[in-house]
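Enquirer: after the sequence you'll find the predicted model.
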Amino acid sequence: MSTLKDDKRQGPVETVRAAGASRDEEAAFPFAAYEPRWRARWDEEGLFRPEVASPKRKFYCLNMFPYPSGTLHVGHGRNYILGDVIVRYRLMHGDDVLCPMGWDAFGLPAENAAIASGIPPEEWTRTNIAIMKRQLKAWGIGYDWDREVASSDPEYYRWTQWIFLRLFQRGLAYRAAGAVNWCPSCNTVLANEQVVGGACERCDTAVETRDLDQWYFRITDYADRLLADLDQLARWPERVVTMQRNWIGRSAGLEIHFAVQGEAEPLVCFTTRADTLFGATFLVLSPGHPLARRLAARPTAEGRALADFIARYNATVHRPDEQLPKEGVFTGVTAVNPASGAAIPVWVANYVLATYGTGAIMAVPAHDQRDFEFARLYGIPVRTVIAADPAVPARGEDLTAAYEGEGVMVDSGPYTGLASDVGRERLIEDFVAQGKGRRAVNYRLRDWLISRQRYWGAPIPIIYCADCGVVPVPESDLPVLLPMGVRFKPTGESPLREVETFYRVPCPRCGKEARRETDTMDTFVDSSWYFLRYLSPRDAARPFARELVDRWLPVDQYIGGVEHAILHLMYSRFVTKVLHDEGLIGFEEPFAALFTQGMICKDGAKMSKSKGNTVSPDDLIARYGADTVRLYTLFVGPPEKDAEWNDRAVDGTYRFLGRVWRLVTDHVDRLPRTRVLGASTGGGRGAGTVGAGDGDETASGRDLRRVTHRTIQRVTQDVDRLHLNTAVSALMEHTNAATGFAAAAMAAGTLAPERAEARVLKEALEALALLVAPFAPHIAEELWQRLGSSTSVFREPWPDHDPALAAAKTIILVVQVNGKVRARIDAPAGLGEVETRDLALADPRVLTHLAGKTLKKAVVVPDKLVNLVVA
Ligand SMILES: [Zn+2]
Ligand SMILES: [Zn+2]
């Protein structure tokens with residue numbers, strides 16, 4: 001092939017050729033001639049364009065839509081190839097398969113590219129989409145491109161804005177001032193979820209805290225349902241369900257009222273460990289707590305010290321989840337521990353988050369490590385109230401670390417001596433009964449911060465009027481179009497703030513001059529509903545067609561990276577539930593099954609542009625064909641695990657496909673033209689299956705039929721469980737067996753259309769073409785035609801295995817007594833000498849010849865013969 005011989009490019013694959021030029025020759029098969037042809041034919045036939053209005057049996061397979069960042073590398077391919085295997089496999093099961101593709105096209109990289117290079121974001125995005133689309137097609141991935149959407153298209157984002165308005169009307173979208181995470185490099189706020197280790201998830205810059213007005217979605221209203229419905233997601237990876245559960249972070253406990261000196265209202269603290277209340281020796285407020293601010297306003301030395309501390313804390317750039325050195329200041333006031341009656345000091349400290357619970361905690365230094373460290377730092381008493389061994393309770397002053405486990409309550413008034421879990425429940429009951437507290441549930445989940453101070457996103461459809469306040473844009477005025485041709489500033493500040501024609505608008509209510517919101521929406525809003533839009537992507541009247549959405553959703557198989565295990569999935573689940581509550585859809589969970597593929601690594605690290613270890617599929621496809629690249633990607637390891645890419649090993653896969661090619665093309669002229677596999681003799685499938693089942697096949701023929709049917713069984717089971725790498729292994733073993741059989745039959749001169757050998761081989765090759773089709777679809781189509789069919793292999797039913805044929809191999813064991821054949825036994829192959837002899841000695845026909853005689857000797861030839869010498 002010219003692509004192989006003429007190629008002078010340097011690259012990692014070059015080393016492969018040095019290993020042996022003749023191998024290329026040997027492996028050559030004309031993929032370049034047929035791969036594009038088959039892709040065109042699938043397109044013409046509409047193989048991937050289902051009739052969505054009336055599916056017989058629907059199957060919605062969905063890949064997470066990608067951000068159009070530029071070119072794809074082979075690591076990206078794993079996700080899409082996996083999905084394509086499922087799509088083609090389901091097609092062969094007769095399902096109506098929907099597998100659309102689109103683009104999560106808003107976001108910062110496009111805007112940063114505009115700042116850096118002057119290319120408008122929409123142009124940058126369009127260019128990248130074209131490149132990636134070409135690459136996906138070259139991989140032979142079958143999508144229904146008629147349904148393509150891009151979240152940055154006005155026809156799409158008008159409906160993102162429409163959904164915002166629905167949430168606004170339901171009271172689920174609100175504007176609030178508060179401390180937010182600010183990335184000084186990206187020049188925008190970040191959701192808590194986008195802060196990783198105190199740094200911006202995108203650019204790694206240390207995140208600051210700023211007080212700003214922002215838009216939020218009230219996802220916390222749905223915390224209980226988001227948690228409870230995880231139980232429905234039996235076909236999600238357990239670790240993803242756990243991550244969702246932990247992110248919601250439900251904890252049940254007691255809200256305790258502490259009377260504070262000089263305050264009319266009690267201070268409310270939440271605890272999950274009410275059993276440690278007797279050990280609460282101080283209270284701690286977060287610097288942002290209203291009481292802390294009030295106490296800081298006192299014109300006393302303590303008030304001033306507190307005000308200084310709060311000001312210093314607010315001015316410091318700090319990372320929200322960083323382990324700061326603990327620091328605090330005594331407020332000068334005390335509270336009463338309602339259990340012990342002791343007066344305890346109230347502190348303000350930097351280790352309490354305003355966002356957890358009430359922003360105030362009861363500190364139990366003996367049983368909470370952070371409280372312990374703080375108490376030791378400031379000399380606050382430590383009091384043990386839970387003991388692992390009640391006989392020897394550790395004295396607070398002797399502790400070197402907090403004891404955070406369960407145990408027996410000590411020094412705890414009427415609860416002393418109770419197991420901590422029992423005492424905890426009793427104390428809660430008592431406090432609730434006495435009106436000193438209430439049961440409460442706390443969540444780690446915060447409301448979803450959706451506004452971004454950037455340009456390349458869906459504008460938030462809100463107008464501010466001096467008289468009318470916050471006014472939603474009327475639905476009839478959607479979309480609020482993002483102005484084109486704006487000027488970008490090197491600082492990254494949103495250009496929208498400078499575009500007068502954008503922000504100066506009349507108030508929709510009173511008509512007076514008003515100001516449009518210049519913030520845009522977090523791209524996670526765009527991606528929280530795109531799976532609904534695919535059903536009616538050009539519908540100009542509504543965001544989605546309910547009748548289609550209710551028929552096709554939930555998604556039967558969702559596939560994507562585990563990096564989306566929290567945010568994207570949580571937000572999509574939330575928006576789905578809101579739309580359900582709005583009466584717009586009939587289901588509450590969008591994704592019935594989820595598969596998270598592992599990463600492809602190179603040189604031990606995740607493939608990434610910045611590390612320079614990416615491998616482009618383009619060169620490999622030109623050199624080896626799409627089927628080879630696909631098959632290698634699937635063979636590289638279990639799809640849910642990370643795997644190391646090896647360019648050299650791609651050559652091995654290429655040679656395998658070359659063997660498949662020659663196996664069929666070298667022998668097809670000696671095979672019957674009629675269909676063998678699954679063709680019935682009249683008795684239906686199973687025992688009546690033709691092939692060589694007429695009794696005239698040889699032992700090697702029986703062996704190959706067994707391999708064929710076992711391979712059908714194995715590949716089917718493996719694909720059902722997405723064990724795709726082992727499915728490929730099974731196909732390789734099958735190819736080896738069929739190749740050996742064909743060679744032997746050729747040598748014996750027995751490969752002729754009318755002979756049993758030819759039917760056996762034909763059956764094996766038909767199975768091979770059908771089974772390899774989801775993995776290497778082009779070569780499967782080509783070979784399927786050569787085997788005598790004119791229809792696409794994907795219109796063929798997936799083959800069934802014959803259980804009898806697939807069962808373990810048996811042999812005929814010949815048993816002689818003193819040299820005379822006395823029995824032929826059907827026996828499992830591979831028995832050892834002793835088992836073989838015992839089997840012969842247990843046969844009744846043999847036993848009649850042994851009666852009254854003495855066994856002198858047994859000669860055993862495993863899998864063949866037993867000769868018993870008797871006297
Ligand atoms: Zn950043
Ligand atoms: Zn107005």
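Expert: The structure has been received and is ready for your questions. Numbers count the residues shown, from 1 in each chain. Ligands and ions are numbered 1, 2, ... in the order given.

Enquirer: could I get the contacting residues of the residue in the stretch 651-800 of the chain that ligand 1 sits nearest to?
Expert: Closest contact between the stretch 651-800 of the chain and ligand 1, by Cβ to the ion, is at L722 (35.5 Å). The way it works is simple: take the backbone N, C-alpha and C, and place the C-beta from them, glycine included. When contacts are counted by Cβ atoms under 8 Å, 6 or more residues apart in numbering, L722 touches L82, I86, F595, P639, E640.

Enquirer: measure it to L634 for me?
Expert: 10 Å (Cβ to Cβ, to the nearest Å).

Enquirer: shared neighbours, the two?
Expert: Common contacts of L722 and L634 (Cβ under 8 Å, 6+ apart): L82.

Enquirer: now do the SS call for the residue of the stretch 651-800 of the chain closest to ligand 1.
Expert: L722 falls in the coil class when you classify it by DSSP: H, G, I helix; E, B strand; the rest coil.

Enquirer: spell out which residues of the stretch 451-600 of the chain are next to ligand 2.
Expert: Proximity of the stretch 451-600 of the chain to ligand 2, by Cβ under 5 Å from the ion, involves residues C465, D467, C468, C507, R509, C510.

Enquirer: farthest-apart pair in these, please.
Expert: Greatest spatial distance among those (Cβ to Cβ): D467 and R509, at 8.1 Å.

Enquirer: these two - which one has more neighbours?
Expert: R509 (15 against 10; other Cβ atoms under 10 Å).

Enquirer: right, and that one touches C468 too?
Expert: Yes - assessed by Cβ atoms under 8 Å, R509 is found in contact with C468 at 4.4 Å.

Enquirer: return the residues of the chain in contact with ligand 1.
Expert: C183, S185, C186, C200, R202, C203, T205.

Enquirer: just give me the closest of the residues you listed to K762.
Expert: Using Cβ to Cβ, R202 is the member of those that lies nearest K762, at 56.8 Å.

Enquirer: so what's that closest one up against?
Expert: By Cβ under 8 Å, 6+ apart, the contact set of R202 is L108, C183, C186, Q194.

Enquirer: now the most centrally placed residue in the chain. Nearest residue, chain neighbours left out?
Expert: Nearest residue to the geometric centre of the chain (Cα atoms, centre = their mean): T596, 3.0 Å. Leaving aside its chain neighbours, T596 sits nearest to V562 (4.1 Å; criterion: Cβ to Cβ, 6 or more residues apart in numbering).

Enquirer: phi, psi of that neighbour?
Expert: Per-residue torsions, V562: phi -70, psi -10 (degrees, to the nearest 10).

Enquirer: verify the stated contact: it with W236.
Expert: No - contact between V562 and W236 fails when scored by Cβ under 8 Å: they sit 11.3 Å apart.

Enquirer: more neighbours: which of the two?
Expert: W236 (22 against 16).

Enquirer: check contacts around that one.
Expert: F591, A593, L594.

Enquirer: related to what we said a few turns ago, and the residue of the stretch 651-800 of the chain closest to ligand 1, how far is that from P237?
Expert: Taking Cβ to Cβ, one finds L722 at 11 Å from P237.

Enquirer: shared neighbours of these two, which are they?
Expert: Counting by Cβ under 8 Å, 6+ apart, the residues touching both L722 and P237 are F595, E640.

Enquirer: could you pull out the strands for the stretch 151-300 of the chain?
Expert: 173-183, 188-190, 195-196, 199-200, 208-217, 251-258, 267-271, 282-285 (DSSP state E, counting those that start in this stretch).

Enquirer: which other residues reach the second one?
Expert: The set of residues external to strand 188-190 that reach it, using Cβ under 8 Å, 6+ apart, is 108, 180-183, 200-201, 207, 210, 212, 214, 449, 451-454, 492.

Enquirer: which residues of the chain score low on pLDDT?
Expert: 1-27, 314-324, 355-357, 680-696 (pLDDT under 70).

Enquirer: so how many other residues sit close to L190?
Expert: Neighbour number of L190 under other Cβ under 10 Å is 22.

Enquirer: tell me the bridge partners for it.
Expert: The bridge-partner assignment for L190, based on DSSP bridges, gives N181.

Enquirer: what is the burial count for E493?
Expert: Neighbours of E493 under the rule other Cβ under 10 Å: 15.

Enquirer: ok now the strand or helix carrying L663, how far from the chain's centre?
Expert: Using DSSP states H and E, the element containing L663 is helix 647-667. Relative to its parent chain, helix 647-667 has a centroid offset of 32 Å by Cα atoms, centre = their mean, to the nearest Å.

Enquirer: list the buried residues for that helix?
Expert: Within helix 647-667, the residues that qualify as buried are 647, 650-651, 653-664, 667, counting by 16 or more other Cβ atoms under 10 Å.

Enquirer: helix/strand/coil for the residue nearest to the centre of the chain?
Expert: strand.

Enquirer: distance of it relative to ligand 2?
Expert: Counting by Cβ to the ion, to the nearest Å, the separation of T596 from ligand 2 is 48 Å.

Enquirer: is that residue bridged to anything, and to what?
Expert: Listed by DSSP bridges, the beta-bridge partners for T596 are G560.

Enquirer: quick one: contacts for it?
Expert: T596 neighbours (Cβ under 8 Å, 6+ apart): P237, V240, I559, G560, G561, V562, A565, E640.

Enquirer: show me how to select, in PyMOL, the buried members of the residues you listed.
Expert: Selection of the buried residues among those in PyMOL, burial being defined by 16+ other Cβ under 10 Å:
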select buried, resi 237+240+559+560+561+562+565
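
Enquirer: closest one of the contacts of T596 to ligand 1?
Expert: The closest of the contacts of T596 to ligand 1 turns out to be G561 (Cβ to the ion; 20.2 Å).

Enquirer: residue in the stretch 551-700 of the chain nearest to ligand 1?
Expert: For the stretch 551-700 of the chain, Cβ to the ion, closest residue to ligand 1: S610, 14.7 Å.

Enquirer: that should have said the stretch 451-600 of the chain, apologies.
Expert: Closest to ligand 1 within the stretch 451-600 of the chain is G492: 9.3 Å, counting by Cβ to the ion.

Enquirer: hang on, that residue is in a strand, isn't it?
Expert: No - counting by three-state DSSP, G492 falls outside a strand, being coil.

Enquirer: identify the residues contacting the residue lying closest to it once chain neighbours are set aside.
Expert: Excluding the flanking residues, the one nearest G492 by Cβ to Cβ, 6+ apart is N187, at 3.7 Å. If you count contacts by Cβ under 8 Å, 6+ apart, N187 has them with Q453, R454, T491, G492, E493, S494.

Enquirer: wait, isn't P774 in contact with R90?
Expert: No - taking contacts as Cβ under 8 Å, P774 lies outside contact range of R90: 9.1 Å.

Enquirer: these two - which one has more neighbours?
Expert: With neighbours defined as other Cβ under 10 Å, P774 and R90 compare such that P774 has more, 27 against 24.

Enquirer: could I get the contacting residues of the more buried one?
Expert: Counted by Cβ under 8 Å, 6+ apart, P774 has contacts D84, V85, I86, R88, Y89, M92, V719.

Enquirer: now D826
Expert: D826 neighbours (Cβ under 8 Å, 6+ apart): T810, I811, I812, L813.

Enquirer: and the nearest residue to E404 once chain neighbours are set aside, how close does it get to G413?
Expert: Among residues not flanking E404 along the chain, H367 sits closest, at 5.8 Å (Cβ to Cβ, 6+ apart). According to Cβ to Cβ, H367 stands 16 Å off from G413.

Enquirer: one more: S700?
Expert: 86 Å.

Enquirer: neighbour count: those two, which is higher?
Expert: S700 (16 against 13).
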